[in-house]
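A.B. asks: return a 3D structure for these sequence lines:
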Amino acid sequence: MDTPSIVVVSLHNPKEKIWGELLSIQPSGITIRGIDLNSFDHFVRQTSDPDGERTGLPTLFFPMNRVERIALDEPSGAIPSMAELFARKAGRTLADYLAQFA
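C.D. replies: Numbers count the residues shown, from 1 in each chain. Below you'll find the model as predicted:
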């Protein structure tokens, strides 16, 4: 996987799924700017609110012993990727949105 890619990371102990921008993969672990997959809809609503506060994504590190799988966030047939859903609802790509926090 290349960085920066939009990915879904499956973790174990405890079991979690994180969606976001992959910043680095190293033997010690991965760094991602993202959120728990369960918070996706809430995050999109916050970013779409014109009067709302600017909401970025936290930068997180997970040691490799927690990483179960890393999957590219890509469409599957008629099912759009989460990044495509974000772009439709927020009116811009995730990369464009995150650029304001760089």
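
A.B. asks: helix, strand or coil for the closest residue to Leu60 other than its chain neighbours?
C.D. replies: In space, Leu60 comes closest to Ile32 once its chain neighbours are excluded; the distance is 5.5 Å by CB to CB, 6 or more residues apart in numbering. All C-beta spots, glycine's among them, are computed from the backbone N, C-alpha and C. The three-state label given to Ile32 by DSSP: H, G, I helix; E, B strand; the rest coil is strand.

A.B. asks: what about Ile32, how many neighbours?
C.D. replies: Using other CB atoms under 10 Å, Ile32 has 28 neighbouring residues.

A.B. asks: that one contacts Lys17, correct?
C.D. replies: No. The pair Ile32 / Lys17 is not scored as a contact, 11.4 Å apart, by CB atoms under 8 Å.

A.B. asks: hey, what's in contact with both of these two?
C.D. replies: Residues touching both Ile32 and Lys17 by CB atoms under 8 Å, 6 or more residues apart in numbering: Val9.

A.B. asks: mind listing the strands for this protein?
C.D. replies: 5-11, 16-26, 29-36, 59-63, 67-72 (DSSP state E).

A.B. asks: quick check: pLDDT value at Asp49.
C.D. replies: Note on Asp49: pLDDT of 74.

A.B. asks: what about Lys19, neighbour count?
C.D. replies: In this structure residue 19 is Trp, not Lys. 24.

A.B. asks: so it touches Val44, yeah?
C.D. replies: No. Contact criterion CB under 8 Å: Trp19 and Val44 do not qualify, at 10.8 Å.

A.B. asks: sorry, back to before: can you redo the strands of the chain as TSV with distance to Asp49 and mean pLDDT?
C.D. replies: Listed next are those as TSV, based on distance: least, CB to CB, whole Å; pLDDT from 0 to 100:
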stretch	distance to Asp49	mean pLDDT
strand 5-11	22	96
strand 16-26	20	96
strand 29-36	16	96
strand 59-63	23	96
strand 67-72	29	96
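
A.B. asks: so for Pro80, which of those strands sits nearest?
C.D. replies: Nearest to Pro80, of all the strands of the chain, is strand 5-11, at 12.2 Å by CB to CB.

A.B. asks: sheet partners, orientation included, of the closest one?
C.D. replies: Neighbouring strands of strand 5-11 in its sheet, by DSSP bridges, are strand 16-26 (antiparallel), strand 67-72 (antiparallel).
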